[in-house]
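Colleague: Sequence plus predicted model, see below.
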Amino acid sequence: MRKISVLLLLALAFGLALVAKAGEPATRVDFPDLELYDLQGNPLKLSDLKGAVVVLNFWATWCGPCRMELPELQKLYNELGGKGLMVLAISVDHYRAAVPSFIQRMRLSLPVYFIDPVTERSLGIGTIPFTLVLDKEGKAVRAYPGYSQEGMRDLKELATELLAEKRSQGGKK
């Protein structure tokens, strides 16, 4: 049942990406409290980040579009991280030992995480990169399947709008 609800949430979030445009009010949906693991294996629950706008970017070392997108996400993180934006680079690599050297080569300082394989499968992400934006309340606002310059511009605009909201506004239309 949990798998079905996660897939439905992602389908709805994907639909939000196709319908909502920058500047328009976005429908917000609950998103599961995922547990992520950093490079040292330390856990982080998404609920620990409430109060911040969170960008979840699912990527892999072997993904060409991910290599183009990650430096842009790094710039976004550098620009808005001090204002309450968290950008989490969530690797879906099965060979996790390749990730640290990749991050170093790309000169990324984004927080890098992994999810357990069961959760990864339950999310049903079929396209990478796949980026999902959560508001300060942890609700999914918009999804960006794949990579595009237009998507990155929209992401920056959306992040700026969400950061300007008061925490209690999250979820209001």
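Modeller: Looks like it arrived, so ask away.

Colleague: Number of residues surrounding Phe130?
Modeller: 24 (other C-beta atoms under 10 Å). No exception for glycine: its C-beta is placed from N, CA and C like everyone else's.

Colleague: Now it: closest residue in space that isn't a chain neighbour?
Modeller: Closest residue to Phe130 apart from its sequence neighbours, by C-beta to C-beta, 6 or more residues apart in numbering: Phe58 at 4.5 Å.

Colleague: and the one you found, how many neighbours does it have?
Modeller: 22.

Colleague: Val53 too?
Modeller: Neighbour number of Val53 under other C-beta under 10 Å is 25.

Colleague: distance of Val87 from Ile103?
Modeller: 13 Å (C-beta to C-beta, to the nearest Å).

Colleague: Pull up the overlap in contacts between these two.
Modeller: Leu110 (C-beta atoms under 8 Å, 6 or more residues apart in numbering).

Colleague: what bridges to Trp59?
Modeller: Ser91 (DSSP bridges).

Colleague: Could you pull out the helices in this protein for me?
Modeller: 2-19, 64-80, 99-105, 117-123, 149-164 (DSSP state H).

Colleague: and the second one, what does it pack onto?
Modeller: Of the remaining helices and strands, those touching helix 64-80 by 3 or more C-beta pairs under 8 Å, 6 or more residues apart in numbering; DSSP states H and E are strand 53-59, strand 85-91, helix 149-164.

Colleague: Tabulate these (CSV), appending mean pLDDT and distance to Asp116.
Modeller: Compiled in CSV, those are given as follows (pLDDT from 0 to 100; distance: least, C-beta to C-beta, whole Å):
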stretch, mean pLDDT, distance to Asp116
strand 53-59, 97, 14
strand 85-91, 97, 11
helix 149-164, 97, 26
